[in-house]
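K.L.:
No sequence on hand, only this structure:
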């Protein structure tokens, strides 16, 4: 569609025309589309980058990718209101149950997340439907390419698209990509850029008086809250108040609304105040945003995730936490510049205010850090070096490449290769040799390689190659000793890797208590006193190097199994959400690695039941056999046992004492007849598993 025609359509549908600069970048998109070039739109937050989506959606079939599901939900609501004739499909994790019914081919816009797009690229049937007649792919928040956790995924997707679908026009949207020229050169396109000073709604920054550090974070935030009250009294326009703690988000919202500690979200909203964080029901989160945009709610106390692209117009932004509590390292660490910029970029929105105000609260060093971030935008750097060996294996499994030359031809399209002119191409051959050494690929004739069954499993289970290598190295070392494996040896195998321990810091002397307690608890194992070296990525050398992590492993085990290892009186500062993540991630690694390495582990264990016990033990944070004895009942799988444990049915006695009514009400997947048969078979003497956790300490 011609830009002028789209402008007429926009006025007809929405009542407004484009701003001159929006017309300019839409003109550039049109020109680049016709010239088979891609486009980067780099504008300060609040200047209306979404117009690129509106234009593309009315010009041809468009795939719109977002980093978080909330942003997909927002666009699913927004687009039909502006252009009711568009056919729109959302495909995120929330929609997986309905995918069989999706018509990917006959859509004007498909909205999805970055991770889902990667999955689609690996699924031929969906990919073929979706990519048929596809004209545009838009990456919102494309600067997340520098994110440690998900950046390599964004980069890999762009590489695949540039290589396999050069006819599709790629559009990147960002507000915080300072090295936009370098990025656009790699992106094979042209850019449209406006500096922060051109922001139509200027920002004013206010650094409140430094607060004194109190005995607890809650008391420190109380001082910040008192300062916020004064700011809110002076400036009556809407506020977004960013706070890192979910309990404090709700506490201050209720306090500001003049309500008690038990007040509901609805009661707060009736007072013009709301709170918003991950644990709130999805419908209520949407309601909060709707009411805020409508002006019925003027103050939203929220977590920083609300800053990630969701269009919530506020004149004022208050940032309580310039640093965050790292409950793994047990210390405060400053927020990254990009995350802080995302938050203060929410202030000031076209059509809602003439000014944007940002209020910072903190101690001296925190306020200095905020000033530095405001004045020094940082470049976005590739994270692809972390996963080169994983992507090489992925290429072999997908049969995108078979030789080192073919692999190099793909990797040279990475942003890493573009940024690092000193990229050592020997890394590719070293990666292939590493995969061969650990039997993840086979070297064929004429320099060709083919993934092994084990290599295919590694890709299938989305597990890091270095995680598998670290596990195999531990198995090899254990075999050399010729001794019986202990429970701690298995934890070294399954959890002794950078994938699990990368964020688990260990510092002497404050963490010494975890190491001592763990060594005492696992004293039957000779290896509890050994060093544990894992492959960790070093960004300066672009290599994985050995890093000693025995203290980190003992620390995480001591916290996951804190009652048994540290004692019931121990009070941890680590948040429950972090413990849940460690437990779920650890259980997942036990499950996947025990499958991938089944053949390597067979010399140590005849009865694989111990893996199920370990998996459930770490997931529920217990090494107590009594709580895990349900595993020894024949025919019970993980799903059934998880349902029982969630209901508090942790032993055979509790299970066999259930009434018929309780069994039906609990809906645990066991019929009354089956329960009666199990009770008749086992009675009070449920046999113990062949290997129990206490046998392996």
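P.N.:
Nice, thanks for sending it over. Everything quoted here is computed from the prediction, not taken from an experiment.
K.L.:
State the three-state secondary structure for residue 358.
P.N.:
Following DSSP: H, G, I helix; E, B strand; the rest coil, the label given to residue 358 is strand.
K.L.:
Need the pLDDT of the residue nearest to it when sequence neighbours are not counted.
P.N.:
Leaving aside its chain neighbours, residue 358 sits nearest to residue 344 (4.2 Å; criterion: CB to CB, 6 or more residues apart in numbering). Bear in mind the C-beta positions are built from the backbone N, C-alpha and C, glycine included. The per-residue pLDDT reported for residue 344 equals 88.
K.L.:
Could you do the one 4 residues further on as well?
P.N.:
Predicted confidence (pLDDT) at residue 348: the value is 86.
K.L.:
hang on, isn't it packed against residue 238?
P.N.:
No: in this structure, residue 348 is not within contact of residue 238 by CB atoms under 8 Å, at 10.9 Å.
K.L.:
how many degrees apart are the host helix or strand of residue 338 and strand 356-360 in direction?
P.N.:
Assigned by DSSP states H and E, residue 338 falls within helix 337-344. With axes from the mean of the first three to the mean of the last three CA atoms, to 10 degrees applied, the angle from helix 337-344 to strand 356-360 works out at 120 degrees.
K.L.:
Just the buried residues of helix 337-344, please?
P.N.:
Within helix 337-344, the residues that count as buried by 16 or more other CB atoms under 10 Å are 337-344.
K.L.:
shouldn't residue 61 be in contact with residue 138?
P.N.:
No: judged on CB under 8 Å, residue 61 makes no contact with residue 138 at a distance of 11.7 Å.
K.L.:
What is the subsequent helix or strand relative to the helix or strand of the chain with the lowest mean pLDDT?
P.N.:
The weakest-scoring helix or strand in the chain, judged by mean pLDDT, DSSP states H and E, is helix 625-628 (a mean of 68). Downstream of helix 625-628, the next assigned helix or strand under DSSP H and E is helix 638-646.
K.L.:
Quick check: what element follows that following helix along the chain?
P.N.:
Next in sequence after helix 638-646, counting helices and strands by DSSP H and E, comes helix 652-656.
K.L.:
Quick one: distance of that next one to the chain centre.
P.N.:
Computed by CA atoms, centre = their mean, to the nearest Å, the chain-centroid distance of helix 652-656 equals 38 Å.
K.L.:
If you count contacts, what does that helix end up packed against?
P.N.:
helix 672-682 (3 or more CB pairs under 8 Å, 6 or more residues apart in numbering; DSSP states H and E).
K.L.:
Summarise which helices and strands the helix it packs on is packed against.
P.N.:
Using 3+ CB pairs under 8 Å, 6+ apart, helix 672-682 sits against helix 652-656, helix 660-666.
K.L.:
again, 7 Å this time
P.N.:
With contacts taken as 3 or more CB pairs under 7 Å, 6 or more residues apart in numbering; DSSP states H and E, helix 672-682 sits against helix 660-666.
K.L.:
buried stuff in the helix it packs on?
P.N.:
For helix 660-666, the neighbour count (16+ other CB under 10 Å) marks 663, 666 as buried.
K.L.:
So what's the gap between it and the chain middle?
P.N.:
37 Å.
K.L.:
Name the residues that touch it?
P.N.:
The contact list for helix 660-666 (CB atoms under 7 Å, 6 or more residues apart in numbering) reads 647, 670, 672, 675.
K.L.:
let's go with 10 Å and repeat that
P.N.:
643-644, 646-649, 655, 658-659, 668, 670-672, 674-676 (CB atoms under 10 Å, 6 or more residues apart in numbering).
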